[in-house]
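**Student:** Predicted model and sequence follow; I will ask about them next.
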Amino acid sequence: MSGDTAYGSAVSMGAAFAHKSRIELTSAERLAPLCGQVPSRGPLDAQTVVFKGQLGPTESSGGSAVGGSDGAAVEAALERLGWDRDRVFFAVAPVCADQLPDERAARITGIIEAVDPELVVTLDADAAAEVGVALGVPKPHFGRSSEVRGRSFVAVDGLEASLADETRKRRVWTQFKAARRRPIY
């Protein structure tokens, strides 16, 4: 097989994977349309999927998920822990009164399966509870890594609120360290 043919096959496989992921992500979003319709963002081949439950100013004003200073803080923290800051997918997992828990869990599971990350992180108690239910971890412990369905799951408590409070910021950073990337041998 020539180099050009091998490269063409790799590009075709990458395009096929991206197409499949887009279809799965669209299907997941249709399972439970979100109140407020906050758009997810990030590459479909992300290493990490980050969920936020409590909508902040960026999301409430029509911005995308974790699109403000909290998104920049997450990217910086993940990079310090060995993850690629450019391969993070952001989504919201709010508790919506007009959606059944099973619908919310199916949407969250669908997003995770579509992106197929190595790591799932939640940024607040609401997201931790919602994602925990979807992954079968009903009471996630903040700052501990759980292995679930072949990926790590880490919950931190109140990242956005911690940006204005040094004491809380130190606590959240300590929790975030559970997401440190382990070398693959």
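**Tutor:** Right, received. Where do you want to start?
**Student:** end to end, how far does stretch 118-138 reach?
**Tutor:** Here the two ends of stretch 118-138 are set 20 Å apart, with distance taken as C-alpha to C-alpha, to the nearest Å.
**Student:** Name the residues of that stretch that are buried.
**Tutor:** For stretch 118-138, a neighbour-count test (16 or more other C-beta atoms under 10 Å) marks 118-135, 137 as buried. To be clear about C-beta, it is placed using only N, CA and C from the backbone, and glycine gets the same treatment.
**Student:** what is the rounded mean pLDDT of it?
**Tutor:** On average, the pLDDT along stretch 118-138 is 93.
**Student:** How about stretch 89-105?
**Tutor:** In this model, stretch 89-105 has a mean pLDDT of 83.
**Student:** With just CA atoms, put that stretch into PDB.
**Tutor:** C-alpha atoms of stretch 89-105 as PDB (Å, rounded to 0.1, in the frame of the first residue of the first chain):
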ATOM      1  CA  PHE A  89     -15.700  19.000  24.600                       C
ATOM      2  CA  PHE A  90     -18.000  21.200  26.800                       C
ATOM      3  CA  ALA A  91     -21.700  20.500  27.500                       C
ATOM      4  CA  VAL A  92     -24.300  21.400  30.100                       C
ATOM      5  CA  ALA A  93     -26.200  19.000  32.300                       C
ATOM      6  CA  PRO A  94     -28.700  21.200  34.100                       C
ATOM      7  CA  VAL A  95     -31.600  19.900  36.100                       C
ATOM      8  CA  CYS A  96     -34.700  20.900  34.000                       C
ATOM      9  CA  ALA A  97     -38.100  20.600  35.600                       C
ATOM     10  CA  ASP A  98     -39.700  19.800  32.200                       C
ATOM     11  CA  GLN A  99     -37.500  16.700  31.600                       C
ATOM     12  CA  LEU A 100     -37.600  13.300  33.200                       C
ATOM     13  CA  PRO A 101     -34.500  12.000  34.900                       C
ATOM     14  CA  ASP A 102     -34.300   9.200  32.400                       C
ATOM     15  CA  GLU A 103     -34.400  11.600  29.500                       C
ATOM     16  CA  ARG A 104     -31.600  13.700  31.000                       C
ATOM     17  CA  ALA A 105     -29.500  10.600  31.700                       C
END
